[in-house]
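> Starting from these lines, generate the structure:
(chains A and B)
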Amino acid sequence: MSLYQVQKLIYELNRDPRARELFSAGRDAVLAEYQLTDEEKGALTKPDIGLLYVLGVNGQLLMHFAALHKIEWPDYLERMRQGLKDHGQVREGVYAATGYEGVEAHDARLKQEREKR
Amino acid sequence: MPLVYCGACSHAPGITARAERADTQTRQALEGAFRRMGDEIRATKPDALVVIAAEHFANFFMNNMPAFAMGMADSYEGPIEDEAFLRIKHTTVPGNKALSKRLIEKVMQTVDVAYAEEWKFDHGISVPLHFLTPDYDLPIIPANINCQGPPLAPLARAWAFGEALRTAADSVPERIALIGTGGISHWPATPDSGKINADWDQEFLRRWSANDREALLSYTDAETYRDAGQGGFEIRTFIAAAAAAKGAKGTVQFCEPVPIFAVSCTIARMAVAA
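Now for the predicted structure:
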């Protein structure tokens, strides 16, 4: 509904330690400053990385939001994949999933190609 | 002074954040190429390094998004990313406010560039500097092209920005080096992270090395999105660097697809006369 508002809050939290302090001290008051649906509020507070991804949050915001919550890289990727399974394809923005063989299979293919050379 | 150095390189956060997960030989070769690029920049005795990056919401957001921006401060903080994630220590990097101001005034003659007296670096600048100027002893002039929040400036405008930076660099007495940083094809921070269209990258770098303006500007954003992902929009930084080379040709010094780093890791240089 209001992807811009979701992204704006993530932007503030990612870059400003004081915004993070305010958020942890008084979450509801901070959320009230943004026009958010209940689904968006839930996704932001949990945080539900899979749902935020499907809502269309720009990956350059979401990746760092996940890191801020100490979510490791492989877990971050897995949560987005789970989000796609639970909620379907990305609803907005330019970060839709397009299909990929995966890093391991890709690495193996590149190794084979290097050996052929 | 005429521009003393012009090049382009990758800035993918995985290069530092996930370093040990890449093939050791490839990683060492990439880091070696990065360090050589740093040596080559230093060899030109620059007074400042202009870094044209595609930032990722460290400073600019869709509430007020400049197509082009330049930093105008005596120092910059960064990187904004969690240290444990990016594995680059937060630090203060020197700038040069007076020089920035003179460059910006020149750039403004042809491109409506925004200026910023505060600027936080993110991986777009911090990853290259980590290898190129690890002692942070060279003043940096950050420049940014919006590659994140569409609508994006047309490629021809990115070219014009590069041309304007070149004119500005040539007009000041200081020795200016310039690099563009960005990915070529990539699908970063998505479940497809690691996907690389290596053929597309090679063709793009062929056009870049030939400094073929028409061919570089012929990509539409729809084509780039289809073939090179949303990360591909960052070709604007390479295109601006090509324009700044003012017709000089380029050499690709390193280019290897590294899936765990999510890009064809690239180090390239334009043969501007130093």
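
> Count the neighbours of B:Met108 for me.
15 (other CB atoms under 10 Å in any protein chain shown). Every residue, glycine included, has its C-beta placed from N, CA and C.

> Over to B:Leu216?
Other residues within reach of B:Leu216, judged by other CB under 10 Å, total 21.

> mind showing which ranges of the chain have poor pLDDT?
Unless you meant another one, I'm taking chain A. Applying pLDDT under 70 to chain A flags residues A:1.

> Actually, chain B is the one I wanted.
B:274.

> For chain A, what's the nearest residue on it?
Per CB to the nearest CB, B:Ala189 is where chain B lies closest to chain A, at 2.8 Å.

> Excluding chain neighbours, what is closest to that residue?
The shortest distance from B:Ala189 to any non-neighbouring residue, by CB to CB, 6 or more residues apart in numbering or on different chains, is to A:Gly59 (2.8 Å).

> if I pick B:Ser218, what's in contact with it?
By CB atoms under 8 Å, 6 or more residues apart in numbering or on different chains, B:Ser218 lies in contact with nothing.

> Can you tell me how far B:Gly183 is from B:Arg236?
11 Å (CB to CB, to the nearest Å).

> Also B:Pro150?
With CB to CB as the criterion, B:Pro150 and B:Arg236 are 12 Å apart.

> what sits against residue 3?
Going with chain A. Counting by CB under 8 Å, 6+ apart, A:Leu3 touches A:Leu55, A:Gly56, A:Val57, A:Glu92, A:Gly93.

> that's the wrong chain, I meant chain B
So B:Leu3 contacts B:Arg166, B:Ala169, B:Asp170, B:Ile176, B:Ala177, B:Leu178, B:Ala244, B:Ala245, B:Lys246, B:Val272 (CB under 8 Å, 6+ apart).

> Which two of these have the greatest separation?
Across the contacts of B:Leu3, no pair lies farther apart than B:Ala177 and B:Lys246, at 14.5 Å, counting by CB to CB.

> Can you pick out the residue with more neighbours from the two?
Each of B:Ala177 and B:Lys246 has its neighbours counted (other CB under 10 Å); B:Ala177 has more, 26 against 17.

> which residues does the more buried one bridge with?
B:Tyr5, B:Leu49 (DSSP bridges).

> quick revisit: my guess is the residue of chain B closest to chain A contacts A:Gln60. True?
Yes. If you go by CB atoms under 8 Å, B:Ala189 and A:Gln60 touch, sitting 5.9 Å apart.

> one step back: how about the residue of chain B closest to chain A, secondary structure?
Three-state call for B:Ala189 (DSSP: H, G, I helix; E, B strand; the rest coil): coil.

> Tell me how far it lies from A:His87.
Noted for B:Ala189: a distance of 18 Å to A:His87, by CB to CB.

> Of the two, which one has the most company?
B:Ala189 (26 against 17).

> List the residues that contact that one.
A:Gly59, A:Gln60, A:Leu62, A:Met63, A:Tyr95.

> And the strands in chain B?
B:5-9, B:48-53, B:68-71, B:75-78, B:91-94, B:114-116, B:140-145, B:176-181, B:250-258, B:263-270 (DSSP state E).

> Using TSV, please lay out the ones you listed together with distance to A:Gly42.
Formatted as TSV, the strands of chain B follow (distance: least, CB to CB, whole Å):
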stretch	distance to A:Gly42
strand B:5-9	41
strand B:48-53	34
strand B:68-71	35
strand B:75-78	32
strand B:91-94	37
strand B:114-116	35
strand B:140-145	34
strand B:176-181	37
strand B:250-258	37
strand B:263-270	34
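
> Quick check: which of those is nearest to B:Ala19?
strand B:250-258 (10.4 Å).

> That closest one to strand B:263-270, inter-axis angle?
170 degrees (axes from the mean of the first three to the mean of the last three CA atoms, to 10 degrees).

> Would you mind naming what in the stretch 51-200 of chain B lies close to chain A?
Contacts of the stretch 51-200 of chain B with chain A, taken as CB under 8 Å from any CB of the partner chain, map to B:56-58, B:61-63, B:80-82, B:84-85, B:120, B:148-150, B:187-196.

> What remains of those if I keep only buried residues?
B:56-58, B:61-62, B:80-82, B:85, B:120, B:148-149, B:187-196 (16 or more other CB atoms under 10 Å in any protein chain shown).

> Next step: those restricted to helices.
B:Phe85 (DSSP state H).

> Spell out which residues of chain A are next to chain B.
Close to chain B, as judged by CB under 8 Å from any CB, chain A has residues A:4, A:7-8, A:11, A:14-15, A:53, A:58-64, A:67-68, A:70, A:73, A:77, A:80-81, A:84, A:94-103, A:106-107, A:110-111.

> What residues of the biggest helix by length in chain B count as buried?
The single longest helix within chain B, with elements called by DSSP H, is helix B:24-43. If you call a residue buried by 16+ other CB under 10 Å, then helix B:24-43 has these buried ones: B:Thr26, B:Arg27, B:Leu30, B:Glu31, B:Ala33, B:Phe34, B:Arg36, B:Met37, B:Gly38, B:Glu40, B:Ile41, B:Arg42.

> Please see if that helix touches chain A.
No. Using CB under 8 Å from any CB, helix B:24-43 stays clear of chain A, coming no nearer than 9.2 Å.
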